[in-house]
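**Student:** Sequence plus the predicted model coming up.
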Amino acid sequence: DMEHSLFPSRVKVATCNMNQWAMDFEGNKSNILETIAIAKKLGCKYRLGSELEITGYSCEDHFLEFDTVRHSWDVLSEILATDATDGIMVDLGMPVIFKGILYNCRVICVNRKIVLIRPKLILADDGNYREPRWFTTWIRRRVEDFILPDVISKVNGQFLTKFGDAVIRTRDAEIGHEMCEEMWNPLSPHIFLSLDGVDIIMNSSGSHFEAQKLRRRLKLIIGASAKACTAYVYSNQIGCDGNRLYFDGSSMIAADGEVLNIAKQYTVGHYEVITAVIDLDRVKEKKVSFKSRCDVAKEVEPYIRVEVDFHLGGSVEPISAPVHVKNIDALMLSVEEEIAVQPACYLWDYLRKSGGSGFYLPLSGGADSASVAAIVYNMSYLLYERISEGDERILDDLRRVLRIKDYFPKSAKDIMSNILFTSYLPSNHSSSATQQCASDLAEEIGAVHFNIPISEIYSAFLNAAKGSLTQEPRFMSQEGGNAIADIALQNIQARSRMVLSYMMAQLIPWDRKKEGFLIVLGTANIDEGLRGYFTKYDNSSGDINPIGGISKSDLKKFLAWEIKNRGLQSLKPILESPPTAELRPLSNEGTYVQKDEEDMGFTYDELRVFGNLRKPEKCGPLAAFKRLVEMWNQMEVEEVASKVKKFYKFNSINRHKQTTLTPALHFEGYGIEDNRFDLRPFLYNNSWEYQFKKIDELIEPYKELRKSQANGAGKEKVQ
């Protein structure tokens, strides 16, 4: 007929960034329905959503509760009871039980019917992922009948559907499915689906952010569309859905090795819908002309087809020809740009979903707390930008957070004056320089700032302890001081700040005659956590730590970026100052005597190297030593050995501290988060006697090897 004969080979599809929230069935359903409505309004015939979008991806052990599965079917029935799926194929994600086994599934619907339930074939089980804890993999190409629950049958009269790894065949296209981890696997389903003639691959993902990960993801999707000669449609979750991860969106549509459209990687919004036109004739032409592919394809075991009487292509209004993103590299952010936006978007999600009314930040005048303050400023900057563009939903969210009914921001700084409260908490060992830095930064970004000395609190603790001690604790720089007392005196200052910070966070809204509570922000970077250079339960503790997964080196780059791109000139003296805890007495001139890198015995750059060797590279002490002898070839072999031993000793001694770290946003691949990501003991024999003995045995051979290499006598390795 005329409706489907104008441009039958062109298909318009929609994919979505979905800001879902684990176990928030009502909110998730609302986002799903709104994105379907947008896709239909834009003339699309297929709408793809993110992995497990009905429940939210990060339900974790809630997946084992039958209520979670039951509520998923309830939500699906409520969607099918509306006209949402009329005239459009809707691809949803939810957990499904089949024959007493729980599967992570796609549920594809059209015209109020379920045409296929496609379970996941390969589960993610490394890093932050634990999918096999809840789900089971399905067998490739197996398809069985699935009896639908009564809650569905009562809505649409449907009793049976297909469950398994099948291809959907419409009147004009063949559609295959791939889910998140399956794309990263060497035997990705898209390989076999494309060889069996599938035109479009739909991939629903729950892929979280990690520094520079988007580059790897793009290569996979572009490569899949080019090598497999298919169109590739990818949907990802975006935002914080209830844990330490930020899902970084970037939903996209690709064909023939080109990106046709790509969504934002970061947003303070609830969702984003993007569309693209796919030319199916062009897809088929590429398949036919790739002759070596054809030779392999004829031998591929065919998939079962699920026939659906539905047209994806054609329209009364001609669909425009495909276009593509011309400069994809321009979308790739540097690490400092990622720090500028990813934690900012995460914090907004955390704030609006938690019910908090703002943030409280202990502002020390150092680089770490300054970075957190700048991140909150960037959050306000992004909010003001979207509100200025007319985003009413974000404005409503902000009014709800601030508990101000008719609030309309005049600037990002205006938002900051209502949302961020900072305190400088000086002891007798704090310098006037850091106090000025903290005050200047708070004023420049618009935060409400307090100066609250802790000297009396510190003295009270010290006096209370003296009554039970036979000696007076002193710093090492003082007469009669020693290392044990020195550390104890430092720690009580840091812990006093934590207690006072939580008190202030509770009382500030009350004092301002406002409802709500403030979320306390942590300020410890990943490298100090890795070394154990922090006090357990100190003022770096908090409710959430936006920089706990970020290296000190990258934070410095970020501060420089903020100076240049946000004009925050108060960051300059902070960036130029040496990092210091200011927990020991100052010199007679009132200047620093304590420097972090000297205290730790490592530079921050060295700690980053150790972090990458220990976690992503899976190196124990011996393997790390072998790598570093070559990497640090300007350093004496004995010094390399000494640093390796020192690192592993202090990391193991302080591992217990990492079990109590404030939940930190995942950023670097060498994260130290004990509960989810970096799973190791917290009680070690920290002498590492056997491992260090093996290092000692290699010191002389490596010294001889270096001598021979210096004399040009080969490059044989020490075994």
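**Tutor:** Perfect, thanks for sending it.

**Student:** Contact partners for K162?
**Tutor:** 115-117, 143-146, 304, 306 (Cβ atoms under 8 Å, 6 or more residues apart in numbering). Placement of C-beta: from N, CA and C, glycine included.

**Student:** let's go with 7 Å and repeat that
**Tutor:** 116, 143, 145-146, 306 (Cβ atoms under 7 Å, 6 or more residues apart in numbering).

**Student:** could you say which helix or strand contains it?
**Tutor:** strand 160-164 (DSSP states H and E).

**Student:** Helix or strand next in line after that strand, which one?
**Tutor:** Next element after strand 160-164 (DSSP H and E): strand 167-169.

**Student:** Can you list the neighbours in contact with that next one?
**Tutor:** Outside of strand 167-169, the residues within contact range by Cβ under 7 Å, 6+ apart are 108, 115-116, 174-176, 193, 198, 303, 305-308.

**Student:** do stretch 225-232 as well
**Tutor:** By Cβ under 7 Å, 6+ apart, stretch 225-232 touches 190-191, 194, 198-201, 203, 221, 224, 254-257, 278, 283, 286-287, 290, 293.

**Student:** From the residues you listed, list just the buried residues.
**Tutor:** The neighbour count (16 or more other Cβ atoms under 10 Å) marks 190-191, 194, 198-201, 203, 221, 224, 254-257, 278, 283, 286-287, 293 as buried among these.

**Student:** Report the rounded mean pLDDT for stretch 139-159.
**Tutor:** Across stretch 139-159, pLDDT averages out at 97.

**Student:** That should have said stretch 595-605, apologies.
**Tutor:** Here the average pLDDT along stretch 595-605 is 87.

**Student:** Need the distance between the two termini of that stretch.
**Tutor:** Start-to-end span of stretch 595-605 (Cα to Cα, to the nearest Å) is 15 Å.

**Student:** buried ones in that stretch?
**Tutor:** By neighbour count with 16+ other Cβ under 10 Å, stretch 595-605 contains the buried residues 596-597, 599-600, 602, 604.

**Student:** before we move on, back to that, by neighbours, which of the contacts of K162 wins?
**Tutor:** L116 (25 neighbours; other Cβ atoms under 10 Å).

**Student:** Confirm that that residue sits in a helix.
**Tutor:** No: under DSSP: H, G, I helix; E, B strand; the rest coil, L116 falls outside any helix and is assigned strand.

**Student:** SS state for Y350?
**Tutor:** Per three-state DSSP, Y350 ends up helix.

**Student:** any idea how far it is from A412?
**Tutor:** 18 Å (Cβ to Cβ, to the nearest Å).

**Student:** what do you get for Y381?
**Tutor:** 4 Å.

**Student:** now do N28
**Tutor:** Using Cβ to Cβ, N28 is found at 30 Å from A412.

**Student:** So those two - more neighbours on which side?
**Tutor:** Each of N28 and A412 had its neighbours counted (other Cβ under 10 Å), and the higher figure belongs to N28 (25 against 21).

**Student:** how close does the nearest residue in space to the more buried one that is not next to it in sequence sit to K154?
**Tutor:** Spatial nearest neighbour of N28, excluding adjacent residues (Cβ to Cβ, 6 or more residues apart in numbering): Q20 at 4.8 Å. As judged by Cβ to Cβ, Q20 and K154 stand 26 Å apart.

**Student:** One more: L80?
**Tutor:** In terms of Cβ to Cβ, L80 sits 10 Å off from K154.

**Student:** now S551
**Tutor:** Applying Cβ to Cβ, the value for S551 to K154 is 55 Å.

**Student:** Same drill for the two, tell me which one is more crowded.
**Tutor:** Neighbour totals were compared for S551 and K154, and S551 leads with 25 against 11 (other Cβ under 10 Å).

**Student:** For the more buried one, which non-adjacent residue is closest in space?
**Tutor:** R608 (4.8 Å).

**Student:** was I right about that neighbour contacting S553?
**Tutor:** Yes: if you go by Cβ atoms under 7 Å, R608 and S553 touch, sitting 5.9 Å apart.

**Student:** what about those two, which has more around it?
**Tutor:** Legend: neighbour count by other Cβ under 10 Å for R608 and S553, higher for R608 (20 against 16).

**Student:** how much distance is there from the helix or strand encompassing the more buried one to the middle of the chain?
**Tutor:** R608 belongs to helix 604-614 when assigned by DSSP H and E. Relative to its parent chain, helix 604-614 has a centroid offset of 20 Å by Cα atoms, centre = their mean, to the nearest Å.

**Student:** same thing with stretch 489-496?
**Tutor:** Counting by Cα atoms, centre = their mean, stretch 489-496 is centred 32 Å from the centre of its parent chain.

**Student:** ok, so what distance separates M379 from A373?
**Tutor:** Relative to A373, M379 is positioned 11 Å away (Cβ to Cβ).

**Student:** I meant T82, not that one.
**Tutor:** Applying Cβ to Cβ to T82 and A373 gives a distance of 45 Å.

**Student:** So for these two, which sits in the more crowded spot?
**Tutor:** Between T82 and A373, counting by other Cβ under 10 Å, A373 is the more crowded of the two (29 against 13).

**Student:** How about the contacts made by that one?
**Tutor:** Contacts of A373 (Cβ under 7 Å, 6+ apart): 361, 363, 422, 441, 445, 447.

**Student:** Next step: those restricted to helices.
**Tutor:** Those of the contacts of A373 mapping onto helices are 441, 445, per DSSP state H.

**Student:** Redo the contacts of A373 as a markdown table? Include pLDDT, distance to A39 and neighbour count.
**Tutor:** Output for those, formatted as a markdown table (pLDDT from 0 to 100; distance: Cβ to Cβ, whole Å; neighbours: other Cβ atoms under 10 Å):
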| residue | pLDDT | distance to A39 | neighbour count |
| --- | --- | --- | --- |
| L361 | 97 | 40 | 28 |
| L363 | 96 | 45 | 28 |
| T422 | 98 | 43 | 27 |
| L441 | 98 | 44 | 25 |
| I445 | 98 | 39 | 27 |
| A447 | 98 | 41 | 27 |
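
**Student:** wait, which of the contacts of A373 is closest to F677?
**Tutor:** Set against F677, the nearest of the contacts of A373 by Cβ to Cβ is L361 (24.6 Å).

**Student:** give me the beta-bridge partners of the closest one?
**Tutor:** When bridges are called by DSSP bridges, L361 pairs up with T422.

**Student:** how close does it sit to Y381?
**Tutor:** 17 Å.

**Student:** Check R47 too.
**Tutor:** 32 Å.

**Student:** In contact with V288, which residues?
**Tutor:** So V288 contacts nothing (Cβ under 7 Å, 6+ apart).

**Student:** Same check on F625?
**Tutor:** Contact partners of F625, counting by Cβ under 7 Å, 6+ apart, are 640-641, 644, 695, 698.

**Student:** how about the helices in the stretch 1-150 of the chain?
**Tutor:** 25-41, 66-80, 150-156 (DSSP state H, counting those that start in this stretch).

**Student:** Need the ones you listed in TSV (columns: distance to S58).
**Tutor:** Below are those laid out as TSV (distance: least, Cβ to Cβ, whole Å):
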stretch	distance to S58
helix 25-41	12
helix 66-80	12
helix 150-156	25
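
**Student:** Out of those helices, flag the one nearest Q435.
**Tutor:** Using Cβ to Cβ, the helices of the stretch 1-150 of the chain put helix 25-41 closest to Q435, at 43.4 Å.
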